[in-house]
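**Q** pasting the sequence and the predicted coordinates here, then a few questions.
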Amino acid sequence: MQELTDQQLLRYSRQIMLPNIDVEGQERICAARVLIIGLGGLGCPVALYLAAAGVGELVLVDDDQVELSNLQRQVLHTEARVGETKVASAAQALREINSQVRIHTRAERLTAEALQAEVAKAQVVVDCSDNFTTRFALNAACMAAGTPLVSGAAIRMEGQVSVFLAKAGEPCYQCLYKIGDDEQLSCSESGVLAPVVGLIGSVQATETLKILAGQGASLAGHLLLLDANTMDWRKLKLRRDPACPVCSTHHIQPDNE
Ligand SMILES: [Zn+2]
């Protein structure tokens, strides 16, 4: 792993002074590659904090263009960039924050093979997508590759986050939701309060940095639920579904350290 330069030691000093991060944790963060699927309400704060915190390489995937109605909550995009692809708009904003981060953009919906290849190259995958087809495909790819998955969702005044480490005996996303569950909900139909996606995205970014630094107890095995109406956070324990078609069939490594 590459040693931090004096400039990096200064830039990330407020993070390095945390005993749980230290120089070693920051070196791991700076050497990491993270795949972010979706650059909307969740993906924007996730990418923003990961770039600011010094993640070495970010791969941004989204096939959408910026629209006026996105600007209420998708905080990397600007009025001037309406009509551009979300990945190009996000990449420009992130480069202005931290020119040291290497940013790769893919303005497309990845095929199964391309998704599997990207997942295998990443240390952590962050699911910021808005549809169940993508979430299930991403979960299966992460379980097959043994890549940790940080999953988030937000709608109206509610949100949820979980971490799936892709280790034997641990639950996966599909232990929680079944294909065919009635999940046609989307922000375009149901609405969402702007900072609620920021709250959930910030939790996703925090969990990602903890995994990269190898410190702290992650949310793995738990589902964190937010009701912003009452500002009530609840943490539920998740159980593996022994009949889950994904984590029962994939050859999950006993240890992915
Ligand atoms: Zn499962």
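**A** Arrived safely, thanks for sending. Numbering: from 1, shown residues only.
**Q** surely Trp233 meets His222?
**A** No - if you go by C-beta atoms under 8 Å, Trp233 and His222 don't touch, sitting 11.5 Å apart. In this view, the C-beta of every residue, glycine as well, is placed from N, C-alpha and C.
**Q** neighbour-wise, which of those two wins?
**A** More neighbours surround His222 than the other of Trp233 and His222, with 17 against 13 (other C-beta atoms under 10 Å).
**Q** what about the stretch 101-250 of the chain, any weak spots by pLDDT?
**A** For the stretch 101-250 of the chain, applying pLDDT under 70 flags the ranges 180-188, 249-250.
**Q** enumerate the residues of it near the ion.
**A** The stretch 101-250 of the chain has residues Cys172, Gln174, Cys175, Cys244, Val246, Cys247 near the ion, with proximity defined as C-beta under 5 Å from the ion.
**Q** how about 8 Å then?
**A** By C-beta under 8 Å from the ion, the residues of the stretch 101-250 of the chain that approach the ion are 139, 143, 171-176, 240-241, 244-248.
**Q** can you select the buried ones from those residues in PyMOL?
**A** Provided next is the PyMOL selection string for whichever of those are buried by 16 or more other C-beta atoms under 10 Å:
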select buried, resi 139+143+171+172+173+174+175+176+241+244+246+247
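**Q** what's the closest of the residues of the stretch 101-250 of the chain next to the ion to Arg156?
**A** Using C-beta to C-beta, Leu176 comes nearest to Arg156 of these, at 19.6 Å.
**Q** can you pull the contacts of Val87?
**A** If you count contacts by C-beta atoms under 8 Å, 6 or more residues apart in numbering, Val87 has them with Leu39, Leu60, Val61, Asp62, Thr105, Arg106, Ala107.
**Q** who wins for neighbours among those?
**A** Leu39 (31 neighbours).
**Q** surely it meets Arg81?
**A** No - between Leu39 and Arg81 there is no contact under C-beta under 8 Å: 11.5 Å.
**Q** and for those two, which residues touch both?
**A** Common neighbours of Leu39 and Arg81, counting by C-beta under 8 Å, 6+ apart, are Ser89.
**Q** what segments of the stretch 51-200 of the chain are strands?
**A** Secondary structure of the stretch 51-200 of the chain (DSSP state E, counting those that start in this stretch): strands at 57-61, 102-106, 124-127, 149-155, 158-164.
**Q** how long is stretch 107-125 end to end?
**A** 17 Å (C-alpha to C-alpha, to the nearest Å).
**Q** and it, what's buried?
**A** Using 16+ other C-beta under 10 Å as the test for burial, stretch 107-125 gives Ala107, Arg109, Leu110, Leu115, Gln116, Glu118, Val119, Ala122, Gln123, Val124, Val125.
**Q** closest one to Ile97 out of those residues, please.
**A** Closest to Ile97, out of all of these and judged by C-beta to C-beta, is Val124, at 19.4 Å.
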